[in-house]
Each structure stands twice: as structure tokens, then as C-alpha cells.
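> Sequence plus predicted model, see below.
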Amino acid sequence: MSTLRGVGIGSGVSQGPVVRMAEPLPAPENARSAVGADQERTRVRDAITAVASELTTRAEAAGGAAQEVLEAQAMIAEDPSLQDEIDARIDDGATAEWAVHDAFAGFKATLEAVGGYLGERAADLDDIAQRVLARLRGVSAPGVPDPGHPFVLVARDLAPADTALLKLDQVLALITSDGGPTSHTAILAREKGIVAVVGVAQAGVLTDGETVIVDAAAGAVTTEPSADELGRAAERASARRSAEALPPTPGALADGTPIALLANLGKPADAADAVSRGAEGVGLFRTEFLFLSAAQAPTVAQQRESYRELLAAFEGKKVVVRLLDAGADKPLAFLNDAHEENPALGLRGLRALRASEDILREQLTALAEADAETGADLWVMAPMVTTVEETAYFTTLAREYGLKTAGVMVEVPASALLADRVLAHADFASIGTNDLTQYTMAADRMLGSVAGFQDPWHPAVLRLVGEVGAAGARAAKPVGICGEAAADPLLAVVLVGLGATSLSMAPAALADVRLALSERTLDDARRLAEIALAADDAAGARAAVAAAVADLTPHPNPQQKETTS
Amino acid sequence: MTAASRTVRIGSSHGLHARPAKLFAQAAKESGIAVTVAKDSGKPVNAASILGVIALGVDHGDYVTLTADGENADAVLDTLTELLTTDHDEESAG
């Protein structure tokens, strides 16, 4: 056997036969046509008609939001402007292949230049061009395989169009060679609770039909596994399934210490799913959905309605709303359209809000109004707070609007190191481990080539979490975790050992984390935290904690425990 | 000659992107006559081209000029104007 390393998403484990997604076709040569313009034109027309009708058929089969996307793709394939560009190249003597490749590339460059929302459509063009090229060459179109049996999908990365068509009930696990923990594949895996390991640079060695174990908790893919290994993996997978089947209980350690398990939500409509999975509230409500792809900020009334819908779903429960977090990965023209060399280090988070204070004030107004109309326990927090002064600025402003509980997100090492002084002003701190890792490791988390640094297990990151946890304990103020780290069951225990008092995650991860917490006492968690802090690197910390957990005396199974509520 | 021209303010809150652009290009295509659209005083593009329409980068509140040439040009422009002044994103999930 051998082990391929990547970044695990979530904590599941799965096994099954590999099916590779067809690789993208190589770009055609710019050779002169040997058959003449008329014949090349006919070839292109036939190929485009076939692709458009295939996309239309798939659109009908897909339904919902995917249908819209695929219909638009069919229209793009048959676009008359594109047709003109292709014809012009063929008239100049190009082959059908080159004309298609070059004309699509031209439009892609145009869309990318327009940027923002339109830039995203540029990837669609690549996909359509590939389909037309595959037709012209008479090879099978690159795309999502459907082998007719459950499989482990191995791909470079998945595009939104791929995932819309993927038969998720057939996918045992996902392995990608490109793409980091914030890639589209990773997001999909997290949302749907699919076992995935992304950024596996050596995924190229995997061949169709071979059996692998995909271990997201370890960020590893095991090839040629032994019967023993397969057995253990199956056991873990089944333990996970039974944990999910249990009626959800409030999060607590084996010694009864309560650790609130909260949901990360992106829109009010997701609330019902979170509640059904036992979320005790919302630890991170992202408000970007109200603003993204909008040319102007939404009105106070529009915002109030959305917040009210959210708060109404969590009557009597805690809901932490994060103010608009724009910048870097989610640029908003009306907040900051200046070009920045390093957007992750630029005018983003609270910095951007402060520069457009009217937007911040409107959001606080809408939140205060929604709060007055509903019975949830609303907490508000500012994104990417760096200094004590920023903390004082935000919390003072929030209280001015009558918002009772105002806190900050700790995502920058500076605010983690001064957490005691930050918490003198803030009512609570919530650690965003994704950004905290990116800033601690100085590695852009949007960049696949440095994805290996984006690991919250790194002892440097954990030490910063520990600083915040200790400061919270001294000030008797809550310290939550709302990054991906909280969704990793083993790491969740370590984070509690470092002083986290609540954990917030994608609802699909709640069951795993609930189970992991219920097996350990606070003393165990602290001991595991010490072990992680003593490691040299992320892999070392993970391995050392995993080994220590295996040696710990198991605590009573939560299934036999008396539970209330 | 049955050429007609009209200047319209975009009502869609997300501008003429994605779904609104698709609906607009589809309608222009189905009209069966030549329709162009230009942003401000820019170069007119084929309104039946979804790529051309998207690449205009038209935002909410922008003005575009429609030109149609052929049978029922006025009726075609009526339909298209209606599409452009309606906010389609109200019903769209995004």
C-alpha cells in the first residue's frame, strides 16, 4: 500500500473503486485546414448543434437552478457573435478545432476583463469549448462520469456545472489533484457531507477500478489497502452513520461540560436544515448573500426582512450575525473597487465597512429592527478585526444601535495576541480559523499552489487560538470557533482544550463533532491540546493527537447516556 | 423601412447579467428580426447574442439603446423594453 496526501474536508472515511473524470483536451494546433472552409464550417455547425441539444436535454433533466445555468450554456454554444468569430477564423484558413478554441478564448478574455460576476461565467466558456472540441474530435466529452455503480470520483477539480450533474448518491468520495480547502469541490463536499480529500498532487497515479480508502480526517488516500485497513475504515464509516442517526442532543463533553454546537449559515432558508441536525443556534451567519452580485447595497427594509426570517427560526436561541465581510475573495464594487496587489491584506472586513460607514450603519439599523421584532438572542460581530481600537469602534457603534451583545472575529494574529485587551471591549470573540491560518502562515488560501500551508492543525495557529481561549477564560467571556477547523472532530476536541466555549460549523458536520466531544472530558481535551501544541507542524500535531486518542480510556458511549431535551 | 429605436433604463437589480441577459437574448432571438443593443453611446451588439449582451457589462440604472429593423419592429421593442425594465432577480435564487 501507499498513502497519498492532501487536505481532508470534514472527518469522514470511505472506500470504493476509482472512476476518473476525463481529463481536459489539449489545446488544438493552429494548423491550416486541409479540407477547406466549407467543410470546416459544416463540421463546426454540426458539433455546436449537437452540444447545444445535449446541454438542453441535460437542462431539462437537471431542473431547478442547474437548469437555468445549463440553458444559458446551450445559448452560449449557439451564440451568433461567437459563430461570427469562428467563421471569420475558418475563412482565414483555420481548422474547425482551432477556430473554436481561439474564438472561445477571445470571449473568455473579454468576460474576464469585465471581471466580478461576469468573470465567473468565463469558466463556463471553457467547459462549452471543451464539449465542442470533443465532438469535433469524436472523443467522449470531458465531464462527470456515471458508471452505474457507487464510485470514488477522481478529478482535477470540479466546476459548478459538473457538481450540478453529479449523482451524489453514487459518489462514495471525492479526490481532487488541484484546488485547496476553499475550492468549489471542498465547498460541495462540506455542504453535502461527502468524504473528500482535495489538493492530492499525486492523484494522477490512481487508475480506474482500483480500490482506495479516502480518509478525510487524516487528509489521506490509501492505495492497495489491506483487508484489515478496509475493515477498520468500514467500521469508522458505520460508527459515523449511527452517530448521525441518533437524535441530536446539545453538545457536551463526557464530563458534562456544555460546548454549544452551532451552525454556519449563508442564508435564512438554510435554517430549517440546521435545526433538524440539532444546531443549538447560529455561530456564524454570513450576510454576504444580501450584497454579492448586487451593484448597490440592499435597503434597510430588504435586509430587515432577511434577518427577521433568520431570527424567527431560532426563537430563544443564540444567533451570531457577522457584518458584511467583503474584500479579497468576495469583492463588492460599491465597497471597494480599487485594484489591490494583495487583496487579502487590503481594505476588507471591518476596514472596508469603516470606509463606507453608511453601509455598516444601515446593516446595524436593520439588525436592531429585526431583533426588536423577534425573540432570538442576537449577537453581532465584525469581520477581520485587527486592533483594539477597531474593536472599541465597532462595539461602541453596535451598542449605540441598541444591540446588546457585540463581539469581534479574531482572524488576524495581531488581535489573537492582544485578545485580553480586545476582550476588554468585546462581549465575545469568535475565531475564524480559515483566515487566522492564512494570515499566520502567510499563504493565500485562494491559491492552490500553497494550499498545503492552509492547515489549522499547525501549532502556530493553535497557539494563537490558545491565547484567545485563555484571555476569554480570564475575562469570563465566550470564545467561539467558526472556521472549518470546528468541523474536524479531532481538532474540535483540541480547540475545546485550548479554551473554545462553542463550535460553529456546516450543519452536515454537527453529528461527527457531537460524537467526538461526548467521548472526551475537559481534562482529556486539555491534554490533547498540549500534545498538539508540542508538535513541530500540522501533520505532526494531527498524528500525535490521533495516536494519543487511541491510547485514551474510552468514556461511556453516549448512546447509553441519559440525555435531557 | 420599419426600423425603430428606443432608449431604456435597466430595471433588473443585478443589471443585465446572467438570468436577465439570458431572457433578453432569448426574446431577441425569437423575434426573428435583427435587434441590436448598445450601452450609452457605445458600439451596438447583436441583442440575440447572450455573450455580446453580457460583455456590455450593463448595470442596474444604466441606459441602453435598442434598435430593431424588420417586421413588427415596434412590437418587438415593446416586448424587449418590458423585459429590460422588469426586475427579474426578484424571482431568481441568485
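In hand now; what should we look at?
> hey, let's count contacts and neighbours off CA atoms from now on
Noted.
> Confirm that A:Gly499 sits in a helix.
No - if the criterion is DSSP: H, G, I helix; E, B strand; the rest coil, then A:Gly499 is coil and not within a helix.
> what does chain B have sitting close to chain A?
B:13-15, B:17-19, B:22, B:46, B:48-52, B:54-55, B:57, B:59-60, B:93 (CA under 8 Å from any CA of the partner chain).
> Which of these fall in helices?
Counting by DSSP state H, these place B:Ala18, B:Arg19, B:Lys22, B:Ile50, B:Leu51, B:Gly52, B:Ile54, B:Ala55 in helices.
> Export these to CSV and append columns for neighbour count.
Formatted as CSV, these follow (neighbours: other CA atoms under 10 Å in any protein chain shown):
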residue, neighbour count
B:Ala18, 21
B:Arg19, 20
B:Lys22, 25
B:Ile50, 30
B:Leu51, 29
B:Gly52, 25
B:Ile54, 22
B:Ala55, 21
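> Count the neighbours of the closest residue to A:Ala252 other than its chain neighbours for me.
With sequence-adjacent residues excluded and distances taken as CA to CA, 6 or more residues apart in numbering or on different chains, A:Ala252 is closest to A:Pro258, at 4.2 Å. For A:Pro258, the neighbour count with other CA atoms under 10 Å in any protein chain shown is 15.
> Pull the contacting residues for A:Pro258.
Going by CA atoms under 8 Å, 6 or more residues apart in numbering or on different chains, A:Pro258 touches A:Pro250, A:Gly251, A:Ala252.
> Filter those residues down to the buried ones.
Buried members of those, counted by 16 or more other CA atoms under 10 Å in any protein chain shown: A:Pro250, A:Gly251, A:Ala252.
> want to throw the residues you listed into CSV with pLDDT?
Formatted as CSV, the buried ones among the contacts of A:Pro258 follow (pLDDT from 0 to 100):
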residue, pLDDT
A:Pro250, 93
A:Gly251, 94
A:Ala252, 96
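> Can you tell me, leaving aside adjacent residues, what's nearest to A:Arg5?
Using CA to CA, 6+ apart, the closest residue to A:Arg5 is A:Ala220 (4.7 Å).
> residue contacts, that neighbour?
Contacts for A:Ala220 (CA under 8 Å, 6+ apart) come out as A:Thr3, A:Leu4, A:Arg5, A:Gly6, A:Val7, A:Gly8, A:Val197, A:Val214.
> Among the residues you listed, which one has the most neighbours?
Within these, neighbour counts (other CA under 10 Å) peak at A:Val197, which reaches 33 neighbours.
> ok, what's across the strand from that residue?
Beta-bridge pairing for A:Val197 (DSSP bridges): A:Gly8, A:Ile175.
> That one contacts A:Val221, doesn't it?
Yes - contact criterion CA atoms under 8 Å: A:Val197 and A:Val221 qualify, at 7.5 Å.
> Mutual contacts of these two, please.
In the contact map built from CA under 8 Å, 6+ apart, the residues linked to both A:Val197 and A:Val221 are A:Gly6, A:Val214, A:Asp215.
> Ramachandran angles for the last one?
Comment: the main-chain dihedrals of A:Asp215 come out as phi -110, psi 100, following degrees, to the nearest 10.
> now swap in A:Ala37 and tell me
When read as degrees, to the nearest 10, the backbone of A:Ala37 gives phi -60, psi -40.
> Hmm, A:Ile86 and it touching each other?
No - judged on CA under 8 Å, A:Ala37 makes no contact with A:Ile86 at a distance of 11.0 Å.
> For the two, indicate the residue with more neighbours.
A:Ile86 (24 against 19).
> That one sits in which helix or strand?
In the assignment (DSSP states H and E), A:Ile86 maps to helix A:80-91.
> can you check B:Ala75 too?
Assessed by DSSP H and E, B:Ala75 sits inside helix B:73-85.
> Can you give me the buried ones in that helix?
Quick answer for helix B:73-85 (16+ other CA under 10 Å): B:Ala73, B:Asp74, B:Val76, B:Leu77, B:Leu80, B:Thr81, B:Leu83, B:Leu84, B:Thr85.
> show me the contacts for A:Ser415.
A:Val385, A:Thr386, A:Thr387, A:Val388, A:Val422.
> make that A:Ile359, sorry
So A:Ile359 contacts A:Ala297, A:Leu353 (CA under 8 Å, 6+ apart).
> what's the answer for A:Thr299, then?
A:Glu362.
> Please tell me how far it sits from A:Leu188.
Relative to A:Leu188, A:Thr299 is positioned 31 Å away (CA to CA, to the nearest Å).
> With A:Arg236 instead?
Separation of A:Arg236 from A:Leu188 (CA to CA): 22 Å.
> Likewise for A:Thr42?
39 Å.
> of the two, who's got more company?
Per other CA under 10 Å, whichever of A:Thr42 and A:Leu188 has more neighbours is A:Leu188, with 18 against 12.
> Secondary structure element holding that one?
Following DSSP H and E, one finds A:Leu188 within helix A:184-192.
> List the buried residues for that helix?
Across helix A:184-192, burial judged by 16+ other CA under 10 Å covers A:His184, A:Thr185, A:Ala186, A:Leu188, A:Ala189, A:Arg190.
> Of the residues you listed, just say which sits nearest to A:Gly278.
If you rank the buried residues of helix A:184-192 by distance to A:Gly278 using CA to CA, A:Arg190 comes first, at 16.9 Å.
> residues contacting the residue in the stretch 451-565 of chain A positioned nearest to chain B?
Proximity of the stretch 451-565 of chain A to chain B (CA to the nearest CA) peaks at A:Ala506, 20.5 Å away. By CA under 8 Å, 6+ apart, the contact set of A:Ala506 is A:Arg190, A:Glu191, A:Ala263, A:Asn264, A:Leu265, A:Ala487.
> Could you give the average pLDDT over stretch A:534-542?
Average pLDDT, stretch A:534-542: 93.
> Now tell me what touches it from outside.
A:Ala218, A:Asp455, A:Pro456, A:Trp457, A:His458, A:Pro459, A:Leu491, A:Ile531, A:Ala532, A:Leu533, A:Ala544.
> Which entry within the residues you listed corresponds to the minimum pLDDT?
Taking those together, the minimum pLDDT is found at A:Ala218 (79).
> what about it, how many neighbours?
For A:Ala218, the count of nearby residues is 22 (other CA under 10 Å).
> okay but it is in contact with A:Gly8, surely?
Yes - between A:Ala218 and A:Gly8 there is a contact at 6.5 Å, judged by CA under 8 Å.
> Show me the shaky parts of chain B.
B:1-2, B:18, B:88-94 (pLDDT under 70).
> For the residue nearest to the spatial centre of it, give me its contacts.
Most central in chain B under CA atoms, centre = their mean is B:Phe24, positioned 5.2 Å from the mean C-alpha point. The neighbours of B:Phe24, taking CA under 8 Å, 6+ apart as the test, are B:Ala47, B:Ala48, B:Leu80, B:Leu83, B:Leu84.
> and what of A:Val513?
Applying CA under 8 Å, 6+ apart to A:Val513 gives the contacts A:Ala486, A:Ala487, A:Asp488, A:Pro489, A:Leu490, A:Ala492.
> Using CSV, lay out those together with distance to chain B.
Formatted as CSV, those follow (distance: CA to the nearest CA, whole Å):
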residue, distance to chain B
A:Ala486, 28
A:Ala487, 27
A:Asp488, 30
A:Pro489, 33
A:Leu490, 36
A:Ala492, 33
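> any idea which of those has the most stuff around it?
A:Ala486 (32 neighbours).
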